[in-house]
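# Turn this into a structure:
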Amino acid sequence: MTEAPQDNRMPRGALVVVAIGLFACLLAALLATDKSSGASADLEWVQRTPLPDSAAVAVPGGGGQMRLVEAGIRDTGVNVSGYSLFRVAAVLRIDADSPVGSGRVRCAIQAPGRTEVAQTPGSRASYPRSSEDLFAQEVPEVVLAEFSSQGTGLAVLEFSDLFEDGFSSERGVKVEWPTYEIGRERWEWFLPPGRPARELVLPFASVWKTTAVPAARIACTLITGEGNATVRTAGVQGKRSGPIDEDE
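Numbers count the residues shown, from 1 in each chain. Next comes the predicted model:
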């Protein structure tokens, strides 16, 4: 008998498995090379511009003063679209034993034209967040902001240099974000009853996206049953930082 010819072809089922495997490998390679897919770029703060401390202002009702201190601007380099990010931070300090019980504090950062508050995934890049328990709110070590650079759509920004003692030195403080206004970020704190046993410290910061030279005006107003008091500071960075190294 003549021996039947041997069939060396791969079974059809095996061919399907191989095809699926090749497609999966190709898809994984494409995702790995797509830098905008969930990737982020670590951006450094390039310049640091301190803002002057405000004048000390008497707290309404007698006893104690308030002031804005430790204010400053830090910026990143400029991306290929001409945008940069900059951070504005400040600390409001009110003397211990000041008559501020059940009062309110309203602070605002105002930036120049061609500037808007940067966005994090799902919210604005402003801190502290609205909270019923500000004392327990942690200061982030880094902030993730929506910003195009180095082939990604997200920037990782350092925040660990800010506010080592948290967002409030006093328990019982609440904070809210009032309605957003373009070019202006605001906070409103609600203070607990009684006089603070130690200095009341309320820090705040926001990240901005701009095509202009970074600048800011900061004001805080204390409102009590005895009246109002306001402290202010402002400043502008000397120049914009250079371009971001897009090859990193």
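# From now on I want contacts and neighbour counts done on CA atoms only, so please keep to that.
Noted.
# C-terminal to the lowest-mean-pLDDT helix or strand in the chain, what's the next element?
Ranking every helix and strand in the chain by mean pLDDT, DSSP states H and E puts helix 12-33 at the bottom, with a mean of 38. Going down the chain from helix 12-33, the next helix or strand is strand 41-42, by DSSP states H and E.
# what are the pairing partners of that following strand, and which direction each?
Partner strands and pairing direction for strand 41-42 (DSSP bridges) are strand 152-158 (parallel).
# Output the partner strand as CSV, nothing but the C-alphas.
Output in CSV follows, covering the C-alpha atoms of strand 152-158 (Å, rounded to 0.1, in the frame of the first residue of the first chain):
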residue,chain,number,x,y,z
THR,A,152,2.3,63.4,28.8
GLY,A,153,-0.8,65.2,29.9
LEU,A,154,-0.1,65.2,33.6
ALA,A,155,2.5,66.9,35.7
VAL,A,156,3.7,65.8,39.1
LEU,A,157,4.5,68.8,41.3
GLU,A,158,6.3,68.9,44.7
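# list the buried ones in stretch 67-76?
Buried residues in stretch 67-76, counted by 16 or more other Cα atoms under 10 Å: 67-76.
# what's the answer for stretch 227-240, then?
Buried, per 16+ other Cα under 10 Å, within stretch 227-240: 228-237, 240.
# circling back: of the buried residues of stretch 67-76, just say which sits nearest to Leu162.
Nearest to Leu162 among those: Glu70, at 9.8 Å, using Cα to Cα.
# And the closest one, its phi and psi?
Per-residue torsions, Glu70: phi 50, psi 30 (degrees, to the nearest 10).
# confidence score at the residue nearest to it when sequence neighbours are not counted?
Among residues not flanking Glu70 along the chain, Ala90 sits closest, at 5.5 Å (Cα to Cα, 6 or more residues apart in numbering). As predicted, Ala90 sits at a pLDDT of 98.
# so Ala90 makes contact with Arg74?
No - using Cα atoms under 8 Å, Ala90 is not in contact with Arg74; the gap is 11.9 Å.
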